[in-house]
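Kindly return the folded structure for what I paste below:
(chains A and B)
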Protein chains: 2
Amino acid sequence: MLDYPLLAAMAAVIRTGSFERAARQLHVTPSAVSQRVKLLEERLGTVLVVRGQPCTGTVAGQRLCQHVEQVALLESELRGALPGLSPADGPVTLRIAVNADSLATWFVAAMADVPGCLFDLVLDDQDHSAEWLRRGEVLAAVTASVAPVPGCNSRPLGALRYRATASPEYLRRHFPDGITADSLAAAPCLTFNRKDQLQVQWLRLALSDHESVPEPTPPTHWLPSTHAFVDGALAGMGWGMNPEPLVADHLAAGRLVELVPGRPLDVPLYWQQSRIAGTALAELSRAVLRAGRQALHPIGAALGSPPAV
Amino acid sequence: MLDYPLLAAMAAVIRTGSFERAARQLHVTPSAVSQRVKLLEERLGTVLVVRGQPCTGTVAGQRLCQHVEQVALLESELRGALPGLSPADGPVTLRIAVNADSLATWFVAAMADVPGCLFDLVLDDQDHSAEWLRRGEVLAAVTASVAPVPGCNSRPLGALRYRATASPEYLRRHFPDGITADSLAAAPCLTFNRKDQLQVQWLRLALSDHESVPEPTPPTHWLPSTHAFVDGALAGMGWGMNPEPLVADHLAAGRLVELVPGRPLDVPLYWQQSRIAGTALAELSRAVLRAGRQALHPIGAALGSPPAV
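Modelled structure (predicted):
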């Protein structure tokens, strides 16, 4: 079998980002940590840790980290079944991929419902978060992808509703003659990052009555933060697809308005979870499904229905 | 000289993330974009675009993108000086590195003050944002680093004040006997990512009266989002260093409390700006310094002063 004390030292370096912090976590000296990592790298014949500020894992190092955490999860389950064993090293850490908009709206409530665990969140677009699961780097993911990743279960969470919103002043300046294909092509929008397709999807939806119109490519700001999107819309920088829970109050108060009232975009989200991972993750899954049900819309409810205005 | 139509095609692919969107932006066909990028790669003898979902730049491609944007900036300046020239292709995009906590608290106001520009924000820790400037990937950065990057000016912005905060219920559960080195070592905290040193810095500060105490390494959640930090503290997941502007109301209402009342941590921030970049960036710099002055504390003001309670 693999040498777990060596693996634990390597995982601590990668997870804390430094040999010093790993040493404090493991109650040994930094030189002991360094020797263990070197020994493991020699035995496995590959570099595992990229020494730097912070230290990071190579592909092999990351994969071994994930393995160490899976073994720790299995151990915590074992200790639940056999309470007579010597006490555990500490709480289990669950590494989860989640989209930024879910984290900003409903996911914290789910995590807070599982106080016995620590969380290590990886943020990625909902169209890409399942890749982390496929690569074995996380144990579960909030994703737009319904097809189960091999070895995982996929369950529907609900749809996060987005509103195409901007400040009233912005609308007056950039759309004096209303929302047209021409004005949409010229007015600056907000885009989260290169993976963000929501503005493009909404433009297609909004212009679907005018099939002959070429799809506009508006000038864009790149703002990789959910709350900066809302703040940018409030400040009149551009329009963007904002999650309804974050803008409902602003819409009600008239600080933000919808570009096309009653034309939201629903993004169905799924919870995909490794089948191997046992009780700690099962408890989180229950909390995630519960929090999702409370905060999200039923999947498909808005499709085909007339605008709610 | 370099072939700028080819460079513009490559930059559009890397900045929009796809050949299709680049084509729409440039009003040509995707196959024309593809041919231009291929031709440029052949001429320069190196791969520039990593084809994928999304397309990204290689190191050389990123560097050339930056060059294209610098030339566009110089052109926009030229057009300001010679208004008789044919109209520009569109607004200038300024690529800027900023720390997430500045974006969440005061940086949007600065951007909104420069409506003629588009922004492409790169988020990184304040201790690392200057590296983007050093690598030539951004034109300016909000950074904790005062020493000017070669070719750049460095000006003080002010200090972002952080409070070590948690929910009252969390404090009762994890610190029933008050804040001690032992309880700090056991109570879960929040950490943004592997680069985030703020919790460690505050622990050093808080325990500086007890020099013999070994530095605690508390168990931690990894939450890479400024607002999730606040939400996580409110939900009782852990304590974390939260920017004062985001928690002042929660502290006043008693939803959050300070671990050690009146012991904030001030993080001095600087605006470093490429000297080459001309008027568009100069206008942003004025707006950034103005917004910083309004939102931040004078640098050094809290150091050495007694706790304000």
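
From B:Asp113, how far off is the residue in the stretch 201-309 of chain A positioned nearest to chain B?
At 3.5 Å from chain B, A:Ala235 is the closest residue in the stretch 201-309 of chain A, using Cβ to the nearest Cβ. Heads up, the C-betas are built off the backbone N, CA and C, glycines and all. Look at A:Ala235 and B:Asp113: by Cβ to Cβ, to the nearest Å, they are 9 Å apart.

Then A:Leu207?
Separation of A:Leu207 from B:Asp113 (Cβ to Cβ): 32 Å.

again, but for A:Phe119
Using Cβ to Cβ, one gets 37 Å for the distance from A:Phe119 to B:Asp113.

Neighbour count for these two, which is higher?
A:Phe119 (25 against 15; other Cβ atoms under 10 Å in any protein chain shown).

same for the helix or strand encompassing that one, what does it pack against?
If you go by DSSP states H and E, A:Phe119 is part of strand A:118-123. Packing contacts for strand A:118-123, counted by 3 or more Cβ pairs under 8 Å, 6 or more residues apart in numbering or on different chains; DSSP states H and E, involve strand A:93-98, strand B:220-222.

By neighbour count, which bits of the helix or strand that comes right after that strand are buried? Give me those.
Per DSSP H and E, strand A:118-123 leads on to helix A:129-134 as the next helix or strand towards the C-terminus. Neighbour counts over helix A:129-134 (16 or more other Cβ atoms under 10 Å in any protein chain shown) mark A:129-133 as buried.

Show me the contact partners of the lowest-mean-pLDDT helix or strand in chain A.
In chain A, no helix or strand scores lower on mean pLDDT, DSSP states H and E than helix A:59-81, which sits at a mean of 79. Contacts with helix A:59-81, where a contact means Cβ atoms under 8 Å, 6 or more residues apart in numbering or on different chains, come from A:2, A:4, A:7-8, A:10-11, A:14-15, A:44, A:46-50, A:57, A:85, A:88-89, A:92-95, A:136-139, A:276-281.

how about chain A, which residue sits the furthest from its center?
Outermost residue of chain A with respect to the C-alpha centroid, by Cα atoms, centre = their mean, is A:Asp177; its distance is 38.0 Å.

Confirm that that residue lies within a helix, as I assumed.
No: counting by DSSP: H, G, I helix; E, B strand; the rest coil, one finds A:Asp177 to be coil, located in no helix.

so it sits right up against A:Ser183, yeah?
Yes: counting by Cβ atoms under 8 Å, A:Asp177 does reach A:Ser183; the two are 6.9 Å apart.

Chain A - how does it break down into domains?
A:4-81, A:93-159+A:267-295, A:161-266 (automatic domain parsing).

Can you give the distance of the first one from its chain's centre?
Read it as domain A:4-81. 24 Å (Cα atoms, centre = their mean, to the nearest Å).

got the contact list for the most centrally placed residue in chain A?
By Cα atoms, centre = their mean, chain A has its centre lying nearest to A:Val98, at 2.0 Å. With contact taken as Cβ under 8 Å, 6+ apart, A:Val98 is in contact with A:107, A:121-123, A:129, A:141-142.

top of those residues by neighbour count?
Most surrounded of those: other Cβ under 10 Å gives A:Ala141, at 30 neighbours.

Measure how buried A:Leu39 is and give me the count.
A:Leu39 - counted by other Cβ under 10 Å - has 15 other residues nearby.

Go ahead and confirm it touches A:Leu7.
No: in this structure, A:Leu39 is not within contact of A:Leu7 by Cβ under 8 Å, at 10.9 Å.

Nearest spatial neighbour of the residue of the stretch 201-309 of chain A closest to chain B, chain-adjacent residues omitted?
The shortest distance from A:Ala235 to any non-neighbouring residue, by Cβ to Cβ, 6 or more residues apart in numbering or on different chains, is to B:Ala112 (3.5 Å).

Give me the pLDDT value at that neighbour.
The model reports B:Ala112 with a pLDDT of 95.

That one and A:Met237 touch, don't they?
Yes: between B:Ala112 and A:Met237 there is a contact under Cβ under 8 Å: 5.5 Å.

Among these two, which residue is more densely surrounded?
Taking neighbours as other Cβ under 10 Å, B:Ala112 and A:Met237 compare with A:Met237 leading, 27 against 18.

any low-confidence regions in the stretch 201-309 of chain A?
A:210-214, A:277, A:301-309 (pLDDT under 70).

Helices along that one, start to end?
A:226-234, A:244-253, A:279-295 (DSSP state H, counting those that start in this stretch).

ok, and which of those has the densest surroundings?
Ranked by mean neighbour count, the helices of the stretch 201-309 of chain A are led by helix A:226-234 with a mean of 25 (mean count of other Cβ atoms under 10 Å in any protein chain shown).

Can you tell me which helices and strands the biggest strand by length in chain A packs against?
Using DSSP state E to define each element, chain A has its longest strand at strand A:152-166. Under the contact criterion of 3+ Cβ pairs under 8 Å, 6+ apart, strand A:152-166 touches helix A:198-206, strand A:240-243, helix A:244-253, strand A:257-258, strand A:265-274, helix A:279-295.
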